[in-house]
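1. Curious how this folds, go ahead:
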Amino acid sequence: MSTNRILSIRRLGTGSVFRLAAIGFSCSLIPFALLMGVFALFGFHTVSWNQQPITGVKGLLASPFIGLFLAVLFTIFIGTFLSLGLWIYSKIRPLALQVFEDAKVDP
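-> Below is the predicted model of the structure:
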């Protein structure tokens, strides 16, 4: 059972923002790229590098690395702007976050 709490925080650390962005982008872009790699395995032109389609086993093997590359790239750029925006927002008012905590189980 989890409990629901609202936390009011003044500022969210930059490392936390980048960690959240990296987790979100990695858990969404890498599986999507892998799915596109499976399509490339069957001959579809869903994976490309330098505007050249990669199909077959090469497309399947290249797709997770392309997804990882995109996740890192998006984390760097969007994480930077997100951190800047949250820093500016923290100067105006505190941020309210809804947190779901797990119930503590005593051994």
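2. going forward, measure contacts and count neighbours with C-alpha atoms only.
-> Fine.
3. what's the longest helix seen in the chain packed up against?
-> Using DSSP state H, we find that the single longest helix of the chain is helix 56-92. In this structure, helix 56-92 makes packing contacts with helix 14-41, judged by 3 or more CA pairs under 8 Å, 6 or more residues apart in numbering; DSSP states H and E.
4. Distance from the longest helix of the chain to the middle of the chain?
-> The gap between where helix 56-92 is centred and where its chain is centred comes out at 6 Å by CA atoms, centre = their mean, to the nearest Å.
5. and the most centrally placed residue in the chain, what does it touch?
-> Nearest residue to the geometric centre of the chain (CA atoms, centre = their mean): F25, 1.8 Å. Contacts for F25 (CA atoms under 8 Å, 6 or more residues apart in numbering) come out as A71, V72, F74, T75.
6. For F65, see how far away it is.
-> Distance from F25 to F65, counting by CA to CA, to the nearest Å: 13 Å.
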